[in-house]
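Q: Curious how this folds, go ahead:
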Amino acid sequence: MTQPISAERVSTSRLTLNVLSVPGSAGDPVVFVHGNVSSSAFWRSTMTAIAAEGFRPYAVDLRGFGDTDPEPVDASRGVRDYSDDVLALLDRIGPAHLVGWSLGGGVVMQALRDRPDVVRSAVLVNPVSPYGFGGTTGPDGVLTSPDGAGSGGGAANPEFVAALRAGDRSADSPVSPRNVLRATYVAVGTDLGEEEDAFVESMLSTRIGDDHYPGDSAASDAWPNVAPGKRGVLNTIAPTNFRIDDLHEIDPKPPILWIRGDQDVIVSDTSLFDLAHLGAIGAVPGSDGTPAQPMVAQTRAVLDRYGDYREVVIEGAGHGPHLDRPEEFRAALLDHLRA
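A: Next up, the predicted model:
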């Protein structure tokens, strides 16, 4: 029998968070952090699975997503508005294993960087590169333009933003949340079954605007003529605001599991969300030859310096291996947590 999941409003020193948990679960706490344009709902089946294996799971809605307070996001701090919120939750429940997906992987890396003493271990699930999303090249994350051109709030697809704002639940447009979920969050052809509607509702919980998704932007003289701003979610992972290349300097060094799907089209060395790569393949006109961001190679370079990590690649999985290859994902996660 599947264990029920409860939602609770948890007041912290920073804001009131919406936190999912499994009543009656016991064991080491595991905190799940969702990705962009989603919420804690994407972790529900994973939570019940690990609760049955002797762990105490929590999943948090980040600010501006789900049912957590929609406080504005100061992207000049990188992802620290998010990671400090998660750390405030740990101040309530104690040290925990942190599991972060996509944007949530960056949030977990920042929390690990700032307070390694409260992180028992870290699990990075198809995480954003330690050098952010867009606007860099090479394994060491060199800016392709000093202003971070090609990244930030202005890099979002305006039709997708409009579909979110309109609450589009249909499959009528390639950029409807439902079709973006099917085409990019999971490997193409994945049947999400009865969970699909809940995932679409989760995506539609995203607050829209300059303070949230996608964020503000600035004009740039460099192609594609848009640079990051200082507010909202996409600017938190712009390379001018976010950079974590010194994880190897922290003490202590909790073990890290890096787990990713080999069919990921979002966080990839040839990402379909990277304007530089889209320019190179002619999908965005006017490219000046700016190279694509090698996101996977950048993550590997940072973790190689860190040392205490293991990489697991799940064949046939997309951006959300916990969604399209749940058995393989849970086996890798549980091996890590037990170790």
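
Q: Look up how far T236 lies from the closest residue to L103 other than its chain neighbours.
A: Nearest residue to L103, sequence neighbours excluded (C-beta to C-beta, 6 or more residues apart in numbering): N36, at 4.3 Å. Quick note: C-beta positions are derived from backbone N, CA and C, even for glycine. Using C-beta to C-beta, to the nearest Å, N36 is found at 9 Å from T236.

Q: Between those two, which is the more surrounded one?
A: Neighbour totals were compared for N36 and T236, and T236 leads with 33 against 23 (other C-beta atoms under 10 Å).

Q: Hmm, the more buried one is touching A75, no?
A: Yes - using C-beta atoms under 8 Å, T236 is in contact with A75, at 4.5 Å.

Q: between these two, what contacts are shared?
A: Residues touching both T236 and A75 (C-beta atoms under 8 Å, 6 or more residues apart in numbering) are 81, 215.

Q: what about stretch 188-202, start to end distance?
A: 20 Å (C-alpha to C-alpha, to the nearest Å).

Q: Next, the buried residues of it.
A: Applying a neighbour-count criterion of 16 or more other C-beta atoms under 10 Å, one finds 190, 192, 196, 199-200, 202 buried in stretch 188-202.

Q: Redo the residues you listed as TSV? Include pLDDT and secondary structure.
A: Shown next, in TSV, are these (pLDDT from 0 to 100; DSSP: H, G, I helix; E, B strand; the rest coil):
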residue	pLDDT	secondary structure
T190	97	coil
L192	97	coil
E196	98	helix
F199	98	helix
V200	98	helix
S202	98	helix
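
Q: Now L323: closest residue in space that isn't a chain neighbour?
A: Nearest-residue entry for L323: V186, 5.1 Å, with adjacent residues in sequence omitted and distances by C-beta to C-beta, 6+ apart.

Q: With M47 instead?
A: Spatial nearest neighbour of M47, excluding adjacent residues (C-beta to C-beta, 6+ apart): P57 at 4.1 Å.

Q: Hmm, that neighbour is touching A26, no?
A: No - with contact defined as C-beta under 8 Å, P57 does not reach A26; the gap is 10.9 Å.

Q: Pick out whichever of these two has more residues nearby.
A: Neighbour comparison, P57 and A26: the larger count goes to P57, with 28 against 10 (by other C-beta under 10 Å).

Q: Secondary structure class of that one, three-state.
A: Secondary structure for P57, judged by DSSP: H, G, I helix; E, B strand; the rest coil, is strand.

Q: so what's it scoring on pLDDT?
A: pLDDT recorded at P57 is 98.

Q: hmm, back to that, which residues do N36 and T236 both contact?
A: Residues touching both N36 and T236 by C-beta under 8 Å, 6+ apart: L103.

Q: ok now do V33, which residues does it touch?
A: So V33 contacts 59-60, 62, 82, 86, 98-101, 104-105, 107-108 (C-beta under 8 Å, 6+ apart).

Q: Next step: these restricted to helices.
A: 82, 86, 104-105, 107-108 (DSSP state H).

Q: which pair in those residues spans the largest distance?
A: Maximum pairwise distance among the ones in helices among the contacts of V33 (C-beta to C-beta): 12.2 Å, between V86 and G105.

Q: Please identify which of the two sits among more neighbours.
A: Shown here are V86 and G105; by other C-beta under 10 Å, G105 has more neighbours (29 against 26).

Q: is it true that the more buried one touches G132?
A: No - between G105 and G132 there is no contact, the gap being 11.9 Å when judged by C-beta under 8 Å.

Q: ok, now which ones touch Y213?
A: Counting by C-beta under 8 Å, 6+ apart, Y213 makes contact with 36-37, 64, 156, 161, 164, 206-207, 232-234.

Q: can you redo the residues you listed as a markdown table with secondary structure, distance to A219 and pLDDT?
A: Output for the contacts of Y213, formatted as a markdown table (DSSP: H, G, I helix; E, B strand; the rest coil; distance: C-beta to C-beta, whole Å; pLDDT from 0 to 100):
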| residue | secondary structure | distance to A219 | pLDDT |
| --- | --- | --- | --- |
| N36 | coil | 24 | 98 |
| V37 | coil | 25 | 98 |
| G64 | coil | 25 | 98 |
| A156 | coil | 16 | 97 |
| V161 | helix | 18 | 98 |
| L164 | helix | 24 | 98 |
| T206 | coil | 25 | 98 |
| R207 | coil | 25 | 98 |
| G232 | coil | 17 | 98 |
| V233 | helix | 20 | 98 |
| L234 | helix | 16 | 98 |
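
Q: from these, which is closest to I281?
A: A156 (19.0 Å).

Q: Excluding chain neighbours, what is closest to that closest one?
A: In this structure, A156 finds its nearest non-sequential neighbour in P214, 3.6 Å apart by C-beta to C-beta, 6+ apart.

Q: does the one you found have beta-bridge partners, and which?
A: Counting by DSSP bridges, P214 is bridged to G209.
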